[in-house]
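1. predicted model, plus sequence, below.
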Amino acid sequence: MTPACAADYRALARRRVPRVLFDYLDGGAYAEATLARNLADLQAIALRQRVLKDVSSLSTGVELFGQAMSMPLALAPIGMAGMYARRGEVQAMRAAKAAGVPMCLSTVSVCDLGEVTRDGGAPPWFQLYMIRDRGYMAELLARAGELGAPVLVFTVDLPVPGARYRDVRNGLFGAGAMTEISRAVDGLSHPDWLLDVWFRGGPHSFGNIAAAIPEARGILEFWPWVGRNFDPSLSWKDLDWVRAHWKGPIVLKGVLDAEDARMAADAGLEGLVVSNHGGRQLDGVLSGAAALPAIAAAVGERMTVLMDGGVRSGLDVLKALALGADGVLIGRAWAYALAARGEAGVAHVLQIIRQELLTAMALTGCTDVRQAGRELLAG
């Protein structure tokens with residue numbers, strides 16, 4: 001099959017990687033109502049089709065945080081992406097660089113900042129999860145700065161992990177002989193993945209935090225430590241600590257409430273991401289698309305507003321811009337493509353999204369994404 005859209009890559013990824021890994025990527029929290037809402041709310045937005053507009057010249061380029069981008073899109077941080085393809089974060093970084101868009105590297109990536117910067121061809125944005133060991137966090141931020149990471153994306157909607165039923169049911173992080181046998185059978189039933197990632201793609205660790213837990217020997221030994229060391233005491237006062245250790249732009253990720261957005265702007269942060277963590281944290285909350293207009297109205301003149309959650313196409317990108325976003329992050333869309341076909345898949349899905357964006361712009365009469373606004377929406 002020749003993939004025509006992100007959904008096609010989802011189908012390919014489902015066949016190629018073990019079920020435990022696919023469900024970890026594909027699933028959400030609790031009954032996955034918010035996960036579904038992210039998609040449905042974007043799909044329900046109607047664009048305003050216009051005719052007899054001169055759309056012979058279209059511009060998708062933007063500049064965010066001082067960085068020129070070919071379109072208003074970045075690859076969102078995806079934990080464990082290196083388990084979906086061999087040294088997966090490096091492959092994704094190469095594809096993003098070639099497409100002229102940023103990639104944001106997760107704190108819990110398999111490939112660390114140094115490897116991605118060296119082998120991926122450019123320093124990524126860096127996503128920070130705050131753990132209890134502030135000394136190690138200071139070292140990590142210093143390393144990101146030394147490597148030239150241009151933007152810090154500080155994720156704040158995970159003081160505790162959400163309840164993800166799929167991961168419990170399939171035993172992703174479970175222990176015991178039967179669970180281990182089940183995982184082994186799952187891996188053996190996906191031989192292409194087994195050879196590419198498991199045998200050739202090591203080491204399998206959380207590279208950015210490996211030095212903090214040297215006794216861990218694999219992903220399954222890292223996760224319990226990560227869960228124990230997320231800091232539930234994190235509060236607004238900790239932004240001062242982050243700012244003291246990071247001199248570049250800081251983007252707060254995980255904002256769904258306009259009051260929180262105003263507090264972020266008052267704190268002098270350069271940007272935020274309207275996000276519910278891909279439906280993976282608190283089920284039943286607003287989708288990114290539903291929360292975006294009020295947040296953009298509250299702080300859009302004071303800071304850069306990005307959105308994620310359910311963005312699978314160029315149509316979705318244009319809808320987010322029309323709702324008030326300056327740009328979007330895509331997560332599952334690129335991770336499905338990585339799992340299916342590695343760097344080539346990520347490059348292709350970015351090409352698809354760009355072409356879909358151009359088509360949507362032409363048919364709505366929008367010639368420059370920087371001018372996209374609510375006039376593009378019907379009703």
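-> Thanks, I have the structure now.
2. shaky segments in the stretch 101-250 of the chain?
-> 174, 214-224, 227 (pLDDT under 70).
3. can you show me the strands along it?
-> Here the stretch 101-250 of the chain has its strands, by DSSP state E, counting those that start in this stretch, at 104-105, 125-128, 152-155, 250-255.
4. quick one: strands adjacent to the third one?
-> Spelled out, it's strand 152-155. Strands adjacent to strand 152-155 in the sheet, as given by DSSP bridges, are strand 125-128 (parallel), strand 250-255 (parallel).
5. now the ones you listed in JSON lines, with distance to Asp231?
-> Backbone N, C-alpha and C define where each C-beta goes, glycine included. Listed next are the strands paired with strand 152-155 as JSON lines, based on distance: least, C-beta to C-beta, whole Å:
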{"stretch": "strand 125-128", "distance to Asp231": "11"}
{"stretch": "strand 250-255", "distance to Asp231": "14"}
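6. export those as JSON lines, with columns for distance to Ala264 and mean neighbour count.
-> Converted to JSON lines, those look like this (distance: least, C-beta to C-beta, whole Å; neighbours: other C-beta atoms under 10 Å):
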{"stretch": "strand 125-128", "distance to Ala264": "15", "mean neighbour count": "26"}
{"stretch": "strand 250-255", "distance to Ala264": "5", "mean neighbour count": "24"}
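7. relative to Gly27, which of the ones you listed is closest?
-> Closest approach to Gly27 among the strands paired with strand 152-155 is made by strand 250-255 (18.3 Å; C-beta to C-beta).
8. can you list contacts of the closest one?
-> Outside of strand 250-255, the residues within contact range by C-beta atoms under 8 Å, 6 or more residues apart in numbering are 65, 127, 151-158, 239, 242-243, 261, 264, 269-277, 281, 295, 304, 306.
9. are any of those buried, and which?
-> 65, 127, 151-158, 239, 242, 261, 264, 269-277, 281, 295, 304, 306 (16 or more other C-beta atoms under 10 Å).
10. mind checking which of those are in helices?
-> The helices in this structure, assigned by DSSP state H, contain 239, 242, 261, 264, 295 from these.
11. pull the most distant pair out of those.
-> Greatest spacing in those, by C-beta to C-beta: Val242 and Ile295 (20.8 Å).
12. which residues of the stretch 101-250 of the chain fall in helices?
-> Ranges of helices within the stretch 101-250 of the chain are 113-120, 134-147, 165-169, 177-188, 191-193, 219-229, 238-245, based on DSSP state H, counting those that start in this stretch.
13. go through those and pick out the most buried.
-> Stretch with highest mean neighbour count among the helices of the stretch 101-250 of the chain: helix 113-120 (a mean of 20; mean count of other C-beta atoms under 10 Å).
14. could you dump it to CSV, C-alpha only?
-> Extracted in CSV, the C-alpha atoms of helix 113-120 (Å, rounded to 0.1, in the frame of the first residue of the first chain):
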residue,chain,number,x,y,z
LEU,A,113,20.5,15.1,22.9
GLY,A,114,24.1,14.6,21.9
GLU,A,115,23.3,11.7,19.5
VAL,A,116,20.4,13.5,17.9
THR,A,117,22.3,16.7,17.4
ARG,A,118,25.3,14.9,16.0
ASP,A,119,23.7,12.3,13.8
GLY,A,120,20.4,14.1,13.1
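15. mind listing what's buried along the helix or strand Met93 falls within?
-> Met93 is part of helix 88-99 when elements are defined by DSSP states H and E. Buried residues in helix 88-99, defined by neighbour count with 16+ other C-beta under 10 Å: 88-96, 99.
16. Leu58: which of the residues you listed is nearest?
-> Nearest to Leu58, judged by C-beta to C-beta, of those is Ala99 at 16.7 Å.
17. please report how far the residue nearest to that closest one when sequence neighbours are not counted lies from Pro123.
-> Spatial nearest neighbour of Ala99, excluding adjacent residues (C-beta to C-beta, 6 or more residues apart in numbering): Leu350 at 4.3 Å. Relative to Pro123, Leu350 is positioned 19 Å away (C-beta to C-beta, to the nearest Å).
18. residues near the residue lying closest to Pro124 once chain neighbours are set aside, how many?
-> Closest residue in space to Pro124, ignoring its immediate chain neighbours: Leu105 at 4.2 Å, by C-beta to C-beta, 6+ apart. By the measure other C-beta atoms under 10 Å, the count of residues near Leu105 is 31.
19. which residues does Leu105 bridge with?
-> Applying DSSP bridges, one finds that Leu105 bridges with Phe126.
20. what sits against Arg37?
-> 279, 286-287, 290, 310.
21. any chance of those in TSV, plus neighbour count and distance to Cys5?
-> What follows is the contacts of Arg37, written out as TSV (neighbours: other C-beta atoms under 10 Å; distance: C-beta to C-beta, whole Å):
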residue	neighbour count	distance to Cys5
Gly279	28	20
Leu286	18	25
Ser287	25	20
Ala290	20	23
Gly310	30	14
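22. quick one: which of those is nearest Ala212?
-> For those, the closest approach to Ala212 (C-beta to C-beta) belongs to Gly279, at 28.8 Å.
23. now that closest one, nearest residue through space, not along the chain?
-> Sequence neighbours aside, Leu35 is the residue nearest to Gly279 in space, at 3.1 Å (criterion: C-beta to C-beta, 6+ apart).
24. check contacts around Thr107.
-> Listed by C-beta under 8 Å, 6+ apart, the contact set of Thr107 reads 77, 79, 126-129, 140, 206, 208-209.
25. need the max-distance pair from those residues.
-> Across the contacts of Thr107, the longest distance by C-beta to C-beta is 15.2 Å; it joins Gly79 and Leu140.
26. what about the residue nearest to Ala99, how many residues nearby?
-> Considering only other C-beta under 10 Å, Leu350 is surrounded by 25 other residues.
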